[in-house]
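S.K.: coordinates for the following, if possible.
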Amino acid sequence: MSGESLDSADVDILDLLESEGPMTISSIAFKIGRAKSMIWKRVSTLESLGLVRAKKVGGVTIVYRVYEKTAPGIVTLGILRASEYPYILDFARRLRGFFSEVKVKVYDEAFKLALDLSTNKVQIAMAPVPTLMLAHRISSGRVQIIGGGSGGGAFILESKRGGSGHATTMASTMEMCSEKFKLEPPRVYKSSGSDILDSVFKGEVKHGVVWEPYAFMGRAGRLEVHPCDIPVCCLLGANRSVEGKFRVVSNSLRDSIEDSRKSLESVDAYSSLLNLPRELVKETVKSYEFHAELPLDIVRSHWAYVKASVIPDVSLGEAVYL
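M.R.: Here you go, the predicted structure:
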């Protein structure tokens, strides 16, 4: 994964700032029982991720929680570069009936989308369940899952050139797959599906966990491809900055998904949005199933894997410096 990642100490700091407001480094260290030197390092990481701001006042550093403010009526809809949202442009069109402007932003990394959703840089998102749970936690509950989405489309690629370990993306359906199948460590985080695919082709890792259309590209390159069999992937999440419209937003997605089952005419424009070949998207969209309503029973049945991918066992070894 590009940049820094979060650990439990970061979440404790964010929760503390949310509940008690701006605090000094010394106060944070005292409250959560950590050394000041460690707090300095974690605050620096959180600041680089845009989650906090540290400001020196009278020789004392004050740490503030950061939330983006947007102009009333303007929202950004975040999605991942994947074949699973043939309904997204119709969804954006419907949203324009309730907001003055709707922008669609495409991400290559679920973790980055979680950060932007938690800080209100993005107000609405189609994102993996683990990603939305991470956003909910680091935003102190400001992000909620409010609607359905897509499922399936996750696959394990196997390198023919050896390698060890596996590549995936952090706090995502791909990491759920890694946990479900207990893939050989070490776990290497990448910042996009193309990066994962490339690492498998080069033999840098034995396995790579990807989504469509990257699995199709792996097949075309004669890699072995195994399905992950995870029936829920990206669901509809939203920041509480648009809480007053949660119901109309979720209903709009439901209607768009229902209509997308009748026709895939929107694939041309959707392919252009993703900057991917039309025929590639048209073929790989078939790997997904759509959930017009929130599939809560499916989420519950996979809850152990969701939790494990938000805070996986491997994170302890990475978080502790010995």
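S.K.: which stretches of the chain form strands?
M.R.: Along the chain, the stretches classed as strands by DSSP state E are 23-24, 52-57, 60-65, 74-80, 101-107, 124-128, 143-152, 154-158, 166-168, 187-189, 207-211, 224-227, 234-239, 288-291.
S.K.: low-confidence stretches in the stretch 151-300 of the chain?
M.R.: 261-266 (pLDDT under 70).
S.K.: and the helices in it?
M.R.: 173-180, 193-201, 214-220, 246-260, 267-274, 278-284, 296-301 (DSSP state H, counting those that start in this stretch).
S.K.: these: which one's closest to residue 149?
M.R.: helix 246-260 (7.6 Å; CB to CB). Yep, even glycine has a C-beta here, placed from its N, CA and C like the rest.
S.K.: residue 134 touches residue 310, doesn't it?
M.R.: Yes: in this structure, residue 134 is within contact of residue 310 by CB atoms under 8 Å, at 5.3 Å.
S.K.: what touches both of the two?
M.R.: residue 171 (CB atoms under 8 Å, 6 or more residues apart in numbering).
S.K.: more neighbours, those two?
M.R.: Shown here are residue 134 and residue 310; by other CB atoms under 10 Å, residue 134 has more neighbours (27 against 23).
S.K.: list the contacts of the residue nearest the centre of the chain.
M.R.: When CA atoms, centre = their mean is applied to the chain, the residue found nearest the centroid is residue 110 (2.7 Å). Applying CB under 8 Å, 6+ apart to residue 110 gives the contacts 80, 127, 128, 130, 131, 169, 170, 171, 172.
S.K.: looking at those residues, which is nearest residue 199?
M.R.: residue 169 (11.8 Å).
S.K.: please report how far residue 299 lies from residue 35.
M.R.: According to CB to CB, to the nearest Å, residue 299 and residue 35 sit 38 Å apart.
S.K.: the two: which has the busier surroundings?
M.R.: Between residue 299 and residue 35, residue 299 has the larger neighbour count (other CB under 10 Å), namely 17 against 9.
S.K.: got a list of what the more buried one touches?
M.R.: Per CB under 8 Å, 6+ apart, neighbours of residue 299: 129, 232, 235, 306.
S.K.: ok, residue 252 next?
M.R.: 91, 94, 95, 97, 98.
S.K.: relative to residue 75, how far out is it?
M.R.: Taking CB to CB, one finds residue 252 at 12 Å from residue 75.
S.K.: list residues touching both of the two?
M.R.: By CB under 8 Å, 6+ apart, the residues touching both residue 252 and residue 75 are residue 95.
S.K.: now do residue 318, the pLDDT please.
M.R.: With respect to pLDDT, residue 318 has a value of 64.
S.K.: surely residue 96 touches residue 102?
M.R.: Yes: applying CB under 8 Å, one finds residue 96 in contact with residue 102, separated by 5.2 Å.
S.K.: re the thing from before, let's have the strands of the chain in JSON lines, adding mean neighbour count.
M.R.: As requested, the strands of the chain are arranged in JSON lines below (neighbours: other CB atoms under 10 Å):
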{"stretch": "strand 23-24", "mean neighbour count": "17"}
{"stretch": "strand 52-57", "mean neighbour count": "13"}
{"stretch": "strand 60-65", "mean neighbour count": "17"}
{"stretch": "strand 74-80", "mean neighbour count": "22"}
{"stretch": "strand 101-107", "mean neighbour count": "16"}
{"stretch": "strand 124-128", "mean neighbour count": "30"}
{"stretch": "strand 143-152", "mean neighbour count": "23"}
{"stretch": "strand 154-158", "mean neighbour count": "24"}
{"stretch": "strand 166-168", "mean neighbour count": "28"}
{"stretch": "strand 187-189", "mean neighbour count": "20"}
{"stretch": "strand 207-211", "mean neighbour count": "31"}
{"stretch": "strand 224-227", "mean neighbour count": "14"}
{"stretch": "strand 234-239", "mean neighbour count": "27"}
{"stretch": "strand 288-291", "mean neighbour count": "20"}
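S.K.: break the chain into its domains for me.
M.R.: 11-66, 74-149+231-310, 154-227 (automatic domain parsing).
S.K.: restricting to C-alpha, output stretch 125-137 in PDB.
M.R.: The C-alpha trace of stretch 125-137 is given here as PDB (Å, rounded to 0.1, in the frame of the first residue of the first chain):
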ATOM      1  CA  ALA A 125     -19.200   6.000  -1.800                       C
ATOM      2  CA  MET A 126     -19.500   2.500  -3.200                       C
ATOM      3  CA  ALA A 127     -16.800   0.700  -1.100                       C
ATOM      4  CA  PRO A 128     -16.000  -2.800   0.300                       C
ATOM      5  CA  VAL A 129     -17.600  -3.600   3.600                       C
ATOM      6  CA  PRO A 130     -14.300  -3.700   5.500                       C
ATOM      7  CA  THR A 131     -13.400  -0.300   4.000                       C
ATOM      8  CA  LEU A 132     -16.700   1.100   5.200                       C
ATOM      9  CA  MET A 133     -16.200  -0.300   8.700                       C
ATOM     10  CA  LEU A 134     -12.800   1.200   8.800                       C
ATOM     11  CA  ALA A 135     -14.200   4.600   7.700                       C
ATOM     12  CA  HIS A 136     -16.900   4.300  10.400                       C
ATOM     13  CA  ARG A 137     -14.400   3.700  13.100                       C
END
